[in-house]
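**Q** Next come a sequence and a model predicted from it.
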Amino acid sequence: MRVSVIIPVFNEEKSIPYVLNDIPNFVNQIIVCDNSSTDRTSEIAKNLGAKVVFEKKKGYGYACLRAISYLKNLKIKPEIVVFIDGDYSDDPKQMKKIIDPIVNEGYDFVLGARTKNLRDKHSMTTHQIFGNWLACLLMKVFFDSTFIDLGPFRAITWDKLMELNMRDKTFGWTIEMQIKALMKNYKYKEIAVKYKKRIGKSKISGTLKGSILAGQKILYLIFKYYLKKKVDL
């Protein structure tokens, strides 16, 4: 199946070579979306064979949407899209584990779960761990979900991704995808993946302001879509 990988980046010149060099050979195309980096991230990515697109508006969702827009304009679309961060916290070599349930078992959406036994020490902050737990608990209560994580390493079929009509521009991108997949009754699965301490400082969880804003957005989206679900019923 045709596989495209989307990597949103902001000042990841130290980590992006490791990410790109470890992406498996079965991937057809790598799209790196540079979200206004001030270092050599885009230059390095281009030299390593990635297609680099640019998004000036800062935000994780903005970068992902820009990369998706690029794919929409291709004559031949991918069949599977994989999202992975550019900080080398997730291991690209595990990508086969993420897409196999789609290729071989008919799943629509697969998420790489950062389980405790496979996480490096200090790879996630205390507030990250708590925030993930709370968000997943609320998804379980409101949407009958079995998700245990909001990890960024994930794969989804192109057709199902298009059906989601993703909108979030910033911190809520990952949970918006999961909630919408639940509301559309996608066949989904979580796969436990290794998770390392990232190279460089996180732009979200690495700051108090970023963590607070991310938490607010996540809670807002959970309740927004829960109310929408109630109205639709």
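**A** Received it, and whenever you're ready, just let me know what you need. The model shown is predicted, which means the values in this text are computed figures rather than measured ones.
**Q** Go ahead and list the helix or strand containing the residue nearest in space to the middle of the chain.
**A** When Cα atoms, centre = their mean is applied to the chain, the residue found nearest the centroid is P152 (3.1 Å). Using DSSP states H and E, P152 is not contained in any helix or strand.
**Q** Quick check, it in contact with D90.
**A** Yes. If you go by Cβ atoms under 8 Å, P152 and D90 touch, sitting 7.0 Å apart. Where C-beta positions appear, they are placed from N, C-alpha and C, glycine not excepted.
**Q** can you list residues touching both of those two?
**A** I84 (Cβ atoms under 8 Å, 6 or more residues apart in numbering).
**Q** Spit out the contact partners of the residue lying closest to P101 once chain neighbours are set aside.
**A** Nearest non-adjacent residue to P101, counting by Cβ to Cβ, 6 or more residues apart in numbering: Y107, 4.2 Å away. Applying Cβ under 8 Å, 6+ apart to Y107 gives the contacts 101, 187-189.
**Q** So which of those are in helices?
**A** Counted as lying in helices by DSSP state H, out of these, are P101.
**Q** From the contacts of Y107, list the buried ones, please.
**A** Among the contacts of Y107, those scoring as buried are 101, 188-189 (criterion: 16 or more other Cβ atoms under 10 Å).
**Q** I191 - that's part of a strand, no?
**A** Yes. Looking at I191 with DSSP: H, G, I helix; E, B strand; the rest coil, it is inside a strand.
**Q** Quick one: residues contacting it.
**A** I191 neighbours (Cβ under 8 Å, 6+ apart): 97-98, 101, 110-113.
**Q** Please, which helix or strand holds Y226?
**A** Using DSSP H and E, Y226 sits in helix 208-232.
**Q** And that helix, what's buried?
**A** Using 16+ other Cβ under 10 Å as the test for burial, helix 208-232 gives 211, 214-215, 217-219, 221-222, 225-226.
**Q** I'd like the distance from stretch 48-61 to the chain centre, please.
**A** 14 Å (Cα atoms, centre = their mean, to the nearest Å).
**Q** lowest average confidence, helix or strand, in the protein?
**A** Using mean pLDDT, DSSP states H and E, helix 208-232 stands out as the lowest-scoring helix or strand of the chain, at a mean of 86.
**Q** Name the residues that touch that one?
**A** Residues contacting helix 208-232 (Cβ under 8 Å, 6+ apart): 125, 127-128, 131, 135, 138-139, 142-143, 150, 168, 170-172, 175-176, 179-180, 183, 202-205.
**Q** can you do 6 Å?
**A** Helix 208-232 has contacts (Cβ atoms under 6 Å, 6 or more residues apart in numbering) with 127, 131, 135, 138, 142, 171-172, 175-176, 179, 204-205.
**Q** most neighbours, which of those?
**A** Among those, the one with the most neighbours (other Cβ atoms under 10 Å) is I179, at 27 neighbours.
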